Every structure is written in structure tokens, then in C-alpha cells.
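Undergrad: sharing a model prediction with you, sequence too.
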Amino acid sequence: IDADPYRVAEHVARGRRVLVADAEDADFWRHARLDGLRTVVLAMDDIDAKLRAARELRKAGFQGPLLAHVLFAEHAQRLRDAGVD
């Protein structure tokens, strides 16, 4: 998912499964279909957005690899605690 419709269009044109959505939108997570996802990369810079997305993905039953980058070393353990591999 990406909140930028232009980026989404670029990904879709390359054959990727990408949707326009906001990872911090509770309504999105209530209706998200995660079937077929093999790996998720959380690429947003905001730590709170990454934490929420990780928790929501794990709560919804996603068991595949969940990856995220960290901007600050102290965020790594918080992300692991939220379910990031």
C-alpha cells in the first residue's frame, strides 16, 4: 500500500499488487485482504505508522516475513516487539 496514487500507478504498471491507502487508517485494516501476501516491507519513515501496521498485520494473521528499516537504533526493539522480523 502507498498513500501516493502516482507511486501506486507506477507499481501497478510493473505488475505489482499495490493499493492506494493509508497504513494508519483503521478502516483500511478492518477491510484489508491479506491472502496471497508472502512478504511485507514497511518502508514508511514514521515509527508509529510502522508499529501500527506491524501490529495490524500480525493481528490479522499474517505469518510471513515482515521487514522494516530503522532510522534510529532504539526503534529496532520496538519493531521486533510489534512483530517485525
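TA: All right, it came through fine.
Undergrad: what lies in contact with the helix or strand of the chain with the lowest mean pLDDT?
TA: The weakest-scoring helix or strand in the chain, judged by mean pLDDT, DSSP states H and E, is helix 26-31 (a mean of 85). Outside helix 26-31, the residues within contact range by CB atoms under 8 Å, 6 or more residues apart in numbering are I1, A21, D22, E56, A60. Backbone N, C-alpha and C define where each C-beta goes, glycine included.
Undergrad: please tell me how far the closest residue to the last one other than its chain neighbours sits from A21.
TA: Spelled out, that is A60. Spatially, and ignoring its direct neighbours in sequence, A60 is nearest to L34 (5.6 Å; CB to CB, 6 or more residues apart in numbering). From L34 across to A21, the span is 13 Å (CB to CB, to the nearest Å).
Undergrad: tell me what the biggest helix by length in the chain is packed against?
TA: The residue-count maximum for a helix in the chain (DSSP state H) belongs to helix 47-59. When contacts are defined as 3 or more CB pairs under 8 Å, 6 or more residues apart in numbering; DSSP states H and E, helix 47-59 sits against strand 40-42, strand 66-68, helix 75-81.
Undergrad: what is the last one packed up against?
TA: Meaning helix 75-81. helix 47-59.
Undergrad: which of the residues in the helix it packs on are buried?
TA: Buried residues in helix 47-59, counting neighbours by 16 or more other CB atoms under 10 Å, are found at I47, K50, L51, R52, A53, A54, E56, L57.
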